[in-house]
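**Q** sequence and predicted model, in that order:
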Amino acid sequence: MKCPIEKLSISKRLAIIAALMGIAALFIGNPVNKNKITVNAKELALTAIGNQDEISVMELAEWLIEGKADFTLVDLRDEKSFNEYSIPASVNIPIENLLDSDLMRNEKIILYGDDDIVSAQAWFILKSANYKSVYILKGGLNEWKEKILYPKLAENASSEEKAEFEKIKQISLHFGGAPQIVSGTTTSSVIQNVQTLSTPKITPPPASNLKSAPKKKREGC
Amino acid sequence: MMPYYKFDYFSFDFSLVVAFVIGIGFGFALERGGFGNARILAAQFYFYNMRVLKVMFTAIVTAMLGVFYLSWIGWLDMSLIYLTDTYIIPQIIGGLLLGIGFVIGGYCPGTSVVSASTGRYDGMVYLLGMFFGIFLFGEIFPLIENFYNSTPMGKVTLPQFLGLSHGLVVFLVVMMALGAFAAAEWSEKVMTKKLGREKE
């Protein structure tokens, strides 16, 4: 005896498959909820414990000087603060716009805010939305200012520290910073034209050797 | 994870190669579907050959089920699929214009390219007309720009617009397609008899 399905033409069989898949879809409902995310908690925890996701300001400064361009530097602060000062070559994406941005899942992303808190939140959002390599600039912009723009050396520093400071000084000057030697309460500048620390005047340095904002991928028809 | 382009598995330059290959495949499928022939295409509008509706609705249902189930098993991130913005009134007018051109010329833009590349003169003339239309549109664009950008709805999908779940919309579209296929078979029979034509 022939099975009734065998009597049907190919297109009728396909129609039955489509109907069954349609009915199954009815029970699945929404395949993905964009705002609901699944997280591999263990993997995230391991990355966080290992500090593999942190970039120090010194590393970043060296990369920027070398003209490395294999990463996107994201400024998470609001537009106003971004326009006042931002690390060269960074793009401004306030944290609330993060998931709607043009960031690619496979690009290397380095996040910074004023401190670590907002970057950590953004790191978690991006990681859980399946962004592969997300890093936090350790200490954020505060540390960048402290270590790169206004590095300080105590007057009674050892010779090793002084040698180290010379290197930092060069980096600092590259970014338009003002290295200082601190003695007690008075501040003497290494560079003549620097004002007092209380009113730091930051002018963004020329970033000619740095890449501009990452090009947006074109799409659509 | 898909879409590959959004996940940066290939560059913009390579994406053009991918687009070329997909385009060739699309054209081939259209040609094999009989869409290089203006008679078959125009017959759609007289209801005695419903091949366009059947092929197109099959393609829509196949793609829709593919997207739905691939994202369900987690291979495709549906939120990353490119959507064009909706401007409802201008797009309705545009759709009507395309439909009128379709009835008159017997082709839609894609099928005219298929037809021209298989060496049909009417397809080539249609293609020229299309380029003239594009040129004209470009020239008068400043005059119609306000209208072009009117009634914006943003990137909107049917589940969002109707407030239904994706699955329900998938189910409804599948049922609509199956109903349309059955109706098409029926109308072909009736209209062929009525017009006294042989089925092409």
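**A** In hand now; what should we look at?
**Q** got the contact list for A:Phe175?
**A** Residues near A:Phe175 by Cβ atoms under 8 Å, 6 or more residues apart in numbering or on different chains: A:61, A:64, A:88, A:148-149, A:205. For every residue, glycine as well, the C-beta is placed using N, CA and C.
**Q** what helix or strand is the residue of chain A found nearest chain B located in?
**A** Nearest residue of chain A to chain B (Cβ to the nearest Cβ) works out as A:Gly22 at 3.1 Å. Assigned by DSSP states H and E, A:Gly22 belongs to helix A:10-28.
**Q** which other helices and strands contact that helix?
**A** helix B:51-72, helix B:166-195 (3 or more Cβ pairs under 8 Å, 6 or more residues apart in numbering or on different chains; DSSP states H and E).
**Q** re earlier: the residue of chain A closest to chain B: neighbour count?
**A** 24 (other Cβ atoms under 10 Å in any protein chain shown).
**Q** just for chain B, where's the confidence low?
**A** For chain B, the stretches with pLDDT under 70 are B:1, B:6-8, B:196-200.
**Q** and it, which residues reach chain A?
**A** Applying Cβ under 8 Å from any Cβ of the partner chain, we find that chain B lies next to chain A at B:1, B:5-9, B:12, B:61, B:65, B:68-69, B:71-72, B:77-79, B:82, B:84, B:159, B:165-168, B:170-171, B:173-175, B:177-178, B:181.
**Q** which residue is nearest the centroid of chain B?
**A** Closest residue to the average C-alpha location of chain B: B:Met56 at 7.1 Å, with Cα atoms, centre = their mean.
**Q** can you give me the strands in chain A?
**A** Ranges of strands within chain A are A:54-55, A:71-75, A:90-92, A:108-112, A:133-137, A:152-154, A:180-183, A:186-189, based on DSSP state E.
**Q** tell me, which of the ones you listed is the model least confident about?
**A** Of all the strands of chain A, strand A:186-189 carries the lowest average pLDDT, namely a mean of 45.
**Q** which parts of chain B are helices?
**A** B:12-32, B:38-43, B:51-72, B:88-105, B:109-117, B:121-148, B:158-162, B:166-195 (DSSP state H).
**Q** got the angle for the longest one vs helix B:51-72?
**A** Put plainly, it is helix B:166-195. 170 degrees (axes from the mean of the first three to the mean of the last three Cα atoms, to 10 degrees).
**Q** pull out the buried residues from helix B:166-195.
**A** B:166-174, B:177-178, B:181, B:184, B:187-188, B:191-192 (16 or more other Cβ atoms under 10 Å in any protein chain shown).
**Q** same question, the first one
**A** By neighbour count on 16+ other Cβ under 10 Å, the buried set for helix B:12-32 is B:15, B:27, B:30-31.
**Q** which other helices and strands contact it?
**A** Counting contacts by 3+ Cβ pairs under 8 Å, 6+ apart, helix B:12-32 packs against helix B:109-117.
**Q** from the contact counts, what lies against the helix it packs on?
**A** helix B:12-32, helix B:121-148.
**Q** identify the residues contacting the shortest one?
**A** Under the contact criterion Cβ under 8 Å, 6+ apart, helix B:12-32 has outside partners A:217-218, B:5, B:10, B:36, B:110-111, B:113-114, B:117-118.
**Q** repeat that for stretch B:130-143.
**A** Contact with stretch B:130-143 is made by B:109, B:112, B:148, as judged by Cβ under 8 Å, 6+ apart.
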